[in-house]
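Trainee: fold the following, please.
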Amino acid sequence: AATAIFGHSPRDWQVRAAIRILEGEDIMIVAGTGAGKSMVFTLLAIATELAGGSGLIIVVCPLKALQYDQ
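Mentor: Next up is the predicted model:
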């Protein structure tokens, strides 16, 4: 589904992170700007929808703070 929506497949580390979250683990992802951290949460939202889940995923992106800082 991610390939159809985004035009490319998620990276291995993104899939592994999403799986660990689904398994109930708390994780921290440290990667550079534009590396694809938000895709992990997007994958979870897509998976929840496709599975007929009723969950809610909120992604807070500090883009404005990042823009002001650079």
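Trainee: mind listing what's buried in the longest helix anywhere in the chain?
Mentor: When the chain is parsed with DSSP state H, its longest helix is helix 37-50. By neighbour count on 16 or more other C-beta atoms under 10 Å, the buried set for helix 37-50 is Lys37, Met39, Val40, Phe41, Thr42, Leu43, Leu44, Ile46, Ala47. From N, CA and C alone the C-beta is placed, and that goes for glycine too.
Trainee: would you point out the helix or strand in this structure whose mean pLDDT is lowest?
Mentor: Of all helical and strand segments in the chain, the minimum by mean pLDDT, DSSP states H and E falls on helix 63-69, at a mean of 67.
Trainee: how far is stretch 34-50 from where the chain is centred?
Mentor: Chain-centre distance of stretch 34-50: 3 Å, with C-alpha atoms, centre = their mean, to the nearest Å.
Trainee: let me see the mean pLDDT of it.
Mentor: Per-residue pLDDT values over stretch 34-50 give a mean of 81.
Trainee: pull it out as PDB, backbone CA atoms only.
Mentor: This file holds the C-alpha atoms of stretch 34-50, laid out as PDB (Å, rounded to 0.1, in the frame of the first residue of the first chain):
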ATOM      1  CA  GLY A  34      14.400  14.000   5.200                       C
ATOM      2  CA  ALA A  35      15.500  10.400   6.200                       C
ATOM      3  CA  GLY A  36      11.900   9.200   6.400                       C
ATOM      4  CA  LYS A  37      11.000   9.100  10.100                       C
ATOM      5  CA  SER A  38       7.500  10.300   9.600                       C
ATOM      6  CA  MET A  39       6.900   7.400   7.100                       C
ATOM      7  CA  VAL A  40       7.000   5.000  10.100                       C
ATOM      8  CA  PHE A  41       4.000   6.600  11.600                       C
ATOM      9  CA  THR A  42       2.300   6.900   8.200                       C
ATOM     10  CA  LEU A  43       2.800   3.200   7.700                       C
ATOM     11  CA  LEU A  44       1.100   2.500  11.000                       C
ATOM     12  CA  ALA A  45      -1.900   4.700  10.100                       C
ATOM     13  CA  ILE A  46      -2.200   3.000   6.700                       C
ATOM     14  CA  ALA A  47      -2.000  -0.500   8.400                       C
ATOM     15  CA  THR A  48      -4.600   0.500  11.000                       C
ATOM     16  CA  GLU A  49      -7.000   1.600   8.300                       C
ATOM     17  CA  LEU A  50      -6.500  -1.400   6.000                       C
END
